[in-house]
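Visitor: Any chance you can model this:
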Amino acid sequence: AEARRLSEEDARKPFDLARGPLVRIRLFQLEDQEHVLHFNMHHIISDGWSYSVMEREIAALYSAFIQNKPADLPELPVQYADYAVWQRQWLQGEALEAQLTYWKDKLGGELPVLELPTDRPRPAVQTHRGAIESLILPKELTDALQAMSRREGMTLFMTLLAAFKTLLYRLTGQADTIVGTPIAGRNRTELEGLIGFFMNTIVMRTDLSGQPSFRELLGRVRETALGAYAHQDMPFEKLVEELSPERDLSRTPLFQVFFNHIVAMDDKAAVLPGIETEAVGELDQESKFDMTLHVVEGRGGIGLRSRYNTDLFDSWRMAQMLKHYQMLLESIVSDPDQRI
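Guide: Residues are numbered from 1 along each chain as shown. Predicted coordinates for the structure are as follows:
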């Protein structure tokens, strides 16, 4: 409990972006042979993919060290600085204009504000106090979703996003929905072994009007997703700057909910020779948006995790929302031709 308290205290401590350091590592000794290794990295230098790279490299370095052998890490073809220079050089002129034209067409004019049912009035200035509710989907439902996605020529992400948009539509009655989602940004093989911040946020705006069937909605979401992927190189902060939406301190710009589909092929901790390791998990429960739905796809199935703003929602409402999402998914796989 004390190690967790100290870790949470460290997680809340700000970073100085001008002077650094931007990573803090602490080792807590609990007993003679039991320790907790705590990593705290600012997002400006890292992303989820980076953590997997770092974990592999720490394991390789540790293994070499205890065997008194030289570390055999592969040479990197490029450094993060090379990528940053390339991005600045590429994202100008015609390339920038093509990206901007697409996003201005998709997000121009007055944007809808998603009005989810809340348990308390929205504060005048957005807070980020958060909590998490979780739900595991039955294995047979996961299998059915994957099979349906294959039949329809969709990725599982597209199917799950379309279902999430259906849920938002049913909760709000708003047919014009905007959801943010992350994209890895590593679209070149040379970038796969780098530690750094490559992730970008893309905006998924879909029209749900006209009482479409779920199968029809899938086609609309697929078109939205493919268009966003083709124009994913526009940095989100640059997009906000260019669109210059009317700002409201009580909400995030462009969208208020986030959808994050995570493929977790292995949920084990790093393999260190001679040490039994166990992943402790994230400590951060802050909510950057009104709500984020994390859909975690692993070998055992799909887990749902709702990270929500506790100044807006009670835990029972988020638990109910996850159950409603599961009910929608079950209904969708049984008959995708139902109207939403």
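Visitor: how would you label residue 296: helix, strand or coil?
Guide: Secondary structure, DSSP: H, G, I helix; E, B strand; the rest coil: residue 296 is strand.
Visitor: right, I mislabeled it, should have said residue 135
Guide: strand.
Visitor: Tell me how many other residues crowd it.
Guide: 16 (other CB atoms under 10 Å). (Each C-beta comes from the backbone N, C-alpha and C, glycine too.)
Visitor: Spit out the contact partners of it.
Guide: 303, 304, 319, 322, 323, 326 (CB atoms under 8 Å, 6 or more residues apart in numbering).
Visitor: Grab the nearest non-local neighbour of the fifth one.
Guide: What that stands for is residue 323. Leaving aside its sequence neighbours, residue 323 sits nearest to residue 135 (CB to CB, 6 or more residues apart in numbering; 6.9 Å).
Visitor: How about the secondary structure of the spatially most central residue of the chain?
Guide: For the chain, the residue nearest the mean C-alpha position is residue 260 (3.7 Å; CA atoms, centre = their mean). For residue 260, the assignment made with three-state DSSP gives strand.
Visitor: How much space separates it from residue 235?
Guide: According to CB to CB, to the nearest Å, residue 260 and residue 235 sit 18 Å apart.
Visitor: same check, this time on residue 179
Guide: From residue 179 to residue 235 the distance is 19 Å (CB to CB).
Visitor: Compare neighbour counts for these two and give me the winner.
Guide: Comparing residue 179 with residue 235 by other CB under 10 Å, the one with more neighbours is residue 179, at 23 against 15.
Visitor: Am I right that the more buried one is in a strand?
Guide: Yes - counting by three-state DSSP, residue 179 is found in a strand.
Visitor: And the pLDDT at the residue nearest to residue 323?
Guide: Note on residue 135: pLDDT of 96.
Visitor: Quick check: residue 250 is in a helix.
Guide: No - read with three-state DSSP, residue 250 is coil and lies in no helix.
Visitor: ok, it - contacts?
Guide: By CB under 8 Å, 6+ apart, the residues touching residue 250 are 122, 123, 124, 125, 126.
Visitor: And for residue 329?
Guide: Going by CB under 8 Å, 6+ apart, residue 329 touches 137, 141, 145, 160, 163.
Visitor: Quick check: helices, which of those are part of them?
Guide: Those of the contacts of residue 329 mapping onto helices are 141, 145, 160, 163, per DSSP state H.
Visitor: Let me know the closest of the residues you listed to residue 239.
Guide: residue 160 (24.0 Å; CB to CB).
Visitor: nearest residue to that closest one other than its sequence neighbours?
Guide: residue 295 (5.4 Å).
Visitor: ok, now which ones touch residue 60?
Guide: By CB under 8 Å, 6+ apart, the neighbours of residue 60 are 71, 72, 73.
Visitor: and what of residue 41?
Guide: 22, 23, 24, 51.
Visitor: mind redoing it with 6 Å?
Guide: By CB atoms under 6 Å, 6 or more residues apart in numbering, residue 41 lies in contact with residue 23.
Visitor: Phi, psi for it please.
Guide: phi -120, psi 140 (degrees, to the nearest 10).
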